[in-house]
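Student: I would like the atomic coordinates for the input below:
(chains A and B)
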Number of protein chains: 2
Amino acid sequence: MKEIVIGFLGCGNVGGGVWELLQGFAPEIAHRDQLSVRVKKILVRDVNKARSCSVPRELLTTVPEDVLCDPEITLVAEFMGGEQPATEYLLRALQNGKTVVTANKVAVALNWHKLQAAAQANHVGLYYEASVCGAIPIINALMTPLQANRITKLMGIINGTTNYILSRMSAQGESYDAVLQDAQKLGLAEPDPSSDVEGMDAAYKLSIMASLAFHARVPFKAVYREGITRVTAMDIACGKEMGYVLKLLAIAKRDGNTIEVRVHPTFLPQNHPLSSVDGSFNAVYLHGHACQEMMLQGRGAGDMPTASAVVGDILHAAMVDVHVHPTFANQAEPAKELTFTNNWTTKYYIRVSAIDAPGVLSAVAGCFAKENVSIASMMQKGSVEDGRVPLVFITHAASEQAMQAALADMDPAVCRLESMIRVED
Amino acid sequence: MKEIVIGFLGCGNVGGGVWELLQGFAPEIAHRDQLSVRVKKILVRDVNKARSCSVPRELLTTVPEDVLCDPEITLVAEFMGGEQPATEYLLRALQNGKTVVTANKVAVALNWHKLQAAAQANHVGLYYEASVCGAIPIINALMTPLQANRITKLMGIINGTTNYILSRMSAQGESYDAVLQDAQKLGLAEPDPSSDVEGMDAAYKLSIMASLAFHARVPFKAVYREGITRVTAMDIACGKEMGYVLKLLAIAKRDGNTIEVRVHPTFLPQNHPLSSVDGSFNAVYLHGHACQEMMLQGRGAGDMPTASAVVGDILHAAMVDVHVHPTFANQAEPAKELTFTNNWTTKYYIRVSAIDAPGVLSAVAGCFAKENVSIASMMQKGSVEDGRVPLVFITHAASEQAMQAALADMDPAVCRLESMIRVED
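Tutor: Reported below is the predicted structural model:
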């Protein structure tokens, strides 16, 4: 029987889940893979902290070198999160000839090139299935079974907190603030929810997925980002009436050498496969030139779903001795031939408050027409308030620049922009 | 640059798709993976047959040894289909030290143990992502990222032809025969559709998926099978009224050492993720103890989706030198501790024609009650015809044995069984 000796960096919820999964599963792993997995050391901040998992006290250490420099440990699994000191520790582990399995999207998204180069130079593996969408096997799918595809489009619901908030706002017409507070009480949103609701979390994950989908480094800083904090129940209701569902989407598209990557609230047609992905579920929808449409859906967060991905990587790394290194991933900068654009083409949902007077609709329509933005449908919603009436437009596909120019043309005294939400299909 | 020289067995639709995908993608593969893939020989039945793909005439051969015995060819990709002679050729390729990539579900389902044993003995790889559900990366997902799961349930819509037929019957109330004929005209059903409509195709695929999900050999012959030929528009309509959608499901469940594997028409609640998988789409839904619920959805058939899986396997096999061999897969027979049961527990949809007379409902209900089958809901559908009235029952969960006993108890002169359809959730 082959034995693999591993060290943990961190032992919070995910680390505890990995510990429990490895313990409960050990006899099966031994039986079916002739492999024994032994956790030798676990780096924590405080060895005396009460823990819900059954980790023996004697495995815990506060000295990073106990994990990073132990020659018996050949694989390091990291669940600390955050860029530092995690990245530094992972680099040291790789330089010391240890394969790394990480659940850390921030470290991978920001320092992938350093980690991959160190893995390659030291002939060890770098695995990060758990860094994106928990148990959903999207990293593996992009790297292996889907690698023969020119992927042109990838759209994901990849943040459970925001999907929970938007699903509840949509189902019950509640306000953003009310649902957020409730989600915080239920432990579904952090006390400081900004990384989720501002789209940071989704942008890290999108940077990783888009890089693998396009076989090209898509840096985190290239991701355009808009959160859900300004989403209103009224826009969700208006969209619903027009046949749309609001989601925080992470979108990556490639056309030749032009790439767009963006995270923002997005209306999707009700019959789009992503529209029925509710609550804390995650899903990634993509289109490749050979595979055509595909969607992977599942639990994108939580201790056990994330542990599922971590232990999958650990067992895989233990069984193969040859590790695949994506060629783009050790580049700090994207390839020179690539352009990242914020001037994408999409449809738009526009809600304005227009003064209730003759000629106003014509003036608004004129702003669109001047920029060649064509209107697909229009709805007057609700009644006049303070002399103003809410108008909702859905446009045909237009460029972001044209749309922004049309909105800048509007005279707020006559027609005030209330919301602009992009529409995908 | 590494060069891999490959041979094809077969060059029909899938083989042609693989050829086109490799040709169109060659510069990208060379650029990003430093790998050149050269197809040296292609075994066909008739070199003079007109082909839609651009394969050069001089690559074609009718002599199997030109592929199987050429020492320069290190990987053989097979798209002949059917058990023989494909299995024999694949065994010879493996014995000659060639890695095999196959899209052949029949060969893998029936002769997996021989193929895997030969691969293992000769230190080469056996890859078969394309044998199940086209581009959907379910084989890879089960083998790698989800391997740390005790999967208890797997349910799939894994045959596009039957899903197309049932989707159309459901949408438009058409009869089975009418839709089948139309599907044949459209090329969506074979001239002899029996392998699809009798559930054979799904049963081969289920045998492969269930084996990987349960890490145990689940033989094709263990799969209970019922096709869609007796499905009526009336049952689809009655189910719809009661909140259900009819699908041909492939179902695998494991509880301890007891396994059930079955392919049959199945009612699913309308809000089940599988219920909205329509037309020629495929999807696999599963539940694991760590990953929880997951669903993979995409194109399960077609030249290019299948080629996507084949070329994914070819590139993967070319890049790794160590091939993983599932330990169960070289066993001809399932492990001794396993039991395969046809006495599963599920809910049932029962439609009967009962004579329109006092006491009949009580008599029918008595048959259920005697076997402890409890009724969840009942509907009287339509009007009296020939003195009989259609009654539809949905039961609570009951064992197959109890259900069959209850149905056998009914007196056909009083109450004739019209349909029995299992219900999952």
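
Student: where along chain A do the helices fall?
Tutor: Applying DSSP state H to chain A gives helices spanning A:13-33, A:64-68, A:86-95, A:105-121, A:138-143, A:160-172, A:176-185, A:194-197, A:200-214, A:233-241, A:303-319, A:360-370, A:400-409.

Student: okay, the ones you listed in a markdown table with mean pLDDT and mean neighbour count next?
Tutor: In this view, the C-beta of every residue, glycine as well, is placed from N, C-alpha and C. Shown next, in a markdown table, are the helices of chain A (pLDDT from 0 to 100; neighbours: other CB atoms under 10 Å in any protein chain shown):
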| stretch | mean pLDDT | mean neighbour count |
| --- | --- | --- |
| helix A:13-33 | 92 | 19 |
| helix A:64-68 | 98 | 19 |
| helix A:86-95 | 98 | 21 |
| helix A:105-121 | 97 | 21 |
| helix A:138-143 | 97 | 26 |
| helix A:160-172 | 95 | 21 |
| helix A:176-185 | 96 | 16 |
| helix A:194-197 | 96 | 19 |
| helix A:200-214 | 98 | 26 |
| helix A:233-241 | 96 | 19 |
| helix A:303-319 | 96 | 26 |
| helix A:360-370 | 92 | 16 |
| helix A:400-409 | 97 | 17 |
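
Student: of the ones you listed, which approaches chain B most closely?
Tutor: The minimum distance between chain B and the helices of chain A falls on helix A:303-319, with 3.5 Å, by CB to the nearest CB.

Student: show me what the closest one is packed up against.
Tutor: Counting by 3 or more CB pairs under 8 Å, 6 or more residues apart in numbering or on different chains; DSSP states H and E, the packing neighbours recorded for helix A:303-319 are strand A:2-9, helix A:13-33, strand A:35-43, strand A:75-78, strand A:99-102, strand A:126-127.

Student: mind running it again at 7 Å?
Tutor: Judged by 3 or more CB pairs under 7 Å, 6 or more residues apart in numbering or on different chains; DSSP states H and E, the packing partners of helix A:303-319 are helix A:13-33, strand A:75-78, strand A:99-102.

Student: dump those to JSON lines, plus distance to chain B.
Tutor: Below are the helices and strands packed on helix A:303-319 laid out as JSON lines (distance: least, CB to the nearest CB, whole Å):
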{"stretch": "helix A:13-33", "distance to chain B": "5"}
{"stretch": "strand A:75-78", "distance to chain B": "12"}
{"stretch": "strand A:99-102", "distance to chain B": "12"}
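
Student: export the ones you listed as JSON lines, with columns for distance to B:Met155.
Tutor: Output for the helices and strands packed on helix A:303-319, formatted as JSON lines (distance: least, CB to CB, whole Å):
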{"stretch": "helix A:13-33", "distance to B:Met155": "23"}
{"stretch": "strand A:75-78", "distance to B:Met155": "32"}
{"stretch": "strand A:99-102", "distance to B:Met155": "30"}
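
Student: figure out which of those is closest to B:Gly81.
Tutor: helix A:13-33 (30.5 Å; CB to CB).

Student: give me the angle between that closest one and strand A:35-43.
Tutor: Following axes from the mean of the first three to the mean of the last three CA atoms, to 10 degrees, one obtains 160 degrees for the angle between helix A:13-33 and strand A:35-43.

Student: contacts for helix A:13-33, please.
Tutor: Applying CB atoms under 7 Å, 6 or more residues apart in numbering or on different chains, the contact partners of helix A:13-33 are A:1, A:8, A:35-37, A:39, A:51-53, A:55, A:77, A:79, A:103, A:303-304, A:306-307, A:310-311, A:315, A:319, B:148, B:215, B:290, B:327.

Student: now with 6 Å, please.
Tutor: Applying CB atoms under 6 Å, 6 or more residues apart in numbering or on different chains, the contact partners of helix A:13-33 are A:8, A:35-37, A:53, A:55, A:79, A:103, A:303-304, A:306-307, A:310-311, B:215, B:290, B:327.

Student: can you list the residues of the stretch 251-400 of chain A near chain B?
Tutor: In this structure, the stretch 251-400 of chain A approaches chain B at residues A:290-292, A:294-299, A:304-305, A:307-308, A:311-312, A:315-316, A:319-322, A:324, A:327, judged by CB under 6 Å from any CB of the partner chain.

Student: residues touching the one residue sitting closest to the centre of chain A, list them.
Tutor: Centrality entry for chain A: nearest residue to the mean C-alpha point is A:Ala202, 3.1 Å, by CA atoms, centre = their mean. Counting by CB under 6 Å, 6+ apart, A:Ala202 touches A:Ile158, A:Asn159, A:Ala250, A:Val263.

Student: wait, which of the residues you listed is closest to chain B?
Tutor: Among these, and counting by CB to the nearest CB, the member closest to chain B is A:Ile158, at 14.8 Å.

Student: ok so, going back, just give me the closest of the contacts of A:Ala202 to B:Ala222.
Tutor: Compare each of these with B:Ala222 using CB to CB and the shortest gap goes to A:Ile158, at 38.4 Å.

Student: number of nearby residues for the closest one?
Tutor: Using other CB atoms under 10 Å in any protein chain shown, A:Ile158 has 29 neighbouring residues.

Student: could you check the pLDDT of it?
Tutor: Predicted confidence (pLDDT) for A:Ile158: 98.

Student: now A:Gln331: phi and psi?
Tutor: Main-chain dihedrals, A:Gln331, degrees, to the nearest 10: phi -90, psi 130.

Student: tell me the contacts of it?
Tutor: By CB under 6 Å, 6+ apart, the residues touching A:Gln331 are A:His113, A:Arg217.

Student: so how far is A:Thr87 from it?
Tutor: With the distance defined as CB to CB, to the nearest Å, A:Gln331 ends up 17 Å from A:Thr87.

Student: what's the answer for A:Leu407, then?
Tutor: Counting by CB to CB - A:Leu407 and A:Thr87 are separated by 40 Å.

Student: and for A:Thr99?
Tutor: According to CB to CB, A:Thr99 and A:Thr87 sit 16 Å apart.

Student: which residue sits closest to A:Ala335, ignoring its sequence neighbours?
Tutor: A:Ala216 (5.7 Å; CB to CB, 6 or more residues apart in numbering or on different chains).

Student: check contacts around the one you found.
Tutor: Counting by CB under 6 Å, 6+ apart, A:Ala216 makes contact with A:Phe328, A:Ala335, A:Leu338.

Student: look up phi and psi at it.
Tutor: With angles defined as degrees, to the nearest 10, A:Ala216 sits at phi -160, psi 140.

Student: what's the per-residue pLDDT of it here?
Tutor: 94.

Student: quick check: pLDDT value at the residue of chain A most remote from its centre.
Tutor: Distance to the chain centre peaks in chain A at A:Pro358, reaching 46.0 Å (criterion: CA atoms, centre = their mean). Per-residue pLDDT puts A:Pro358 at 86.

Student: next: A:Leu248.
Tutor: At A:Leu248, pLDDT is 98.

Student: mind checking how far it is from A:Ser131?
Tutor: According to CB to CB, A:Leu248 and A:Ser131 sit 19 Å apart.

Student: how about A:Val5?
Tutor: Taken as CB to CB, the span from A:Val5 to A:Ser131 is 23 Å.

Student: the more surrounded of these two?
Tutor: A:Ser131 (27 against 16).

Student: that one: what's it in contact with?
Tutor: A:Ala103, A:Asn104, A:Lys105, A:Val108 are the contacts of A:Ser131 under CB under 6 Å, 6+ apart.

Student: of these, just say which sits nearest to B:Arg254.
Tutor: For the contacts of A:Ser131, the nearest to B:Arg254 is A:Ala103 (27.9 Å; CB to CB).

Student: report pLDDT for the closest one.
Tutor: According to the prediction, A:Ala103 has pLDDT 97.

Student: pull up the residues of the stretch 1-150 of chain A that are close to chain B.
Tutor: Residues of the stretch 1-150 of chain A found near chain B (CB under 6 Å from any CB) are A:Leu21, A:Arg32, A:Glu129, A:Ala135, A:Pro137, A:Asn140, A:Ala141, A:Thr144, A:Pro145, A:Gln147, A:Ala148, A:Asn149.
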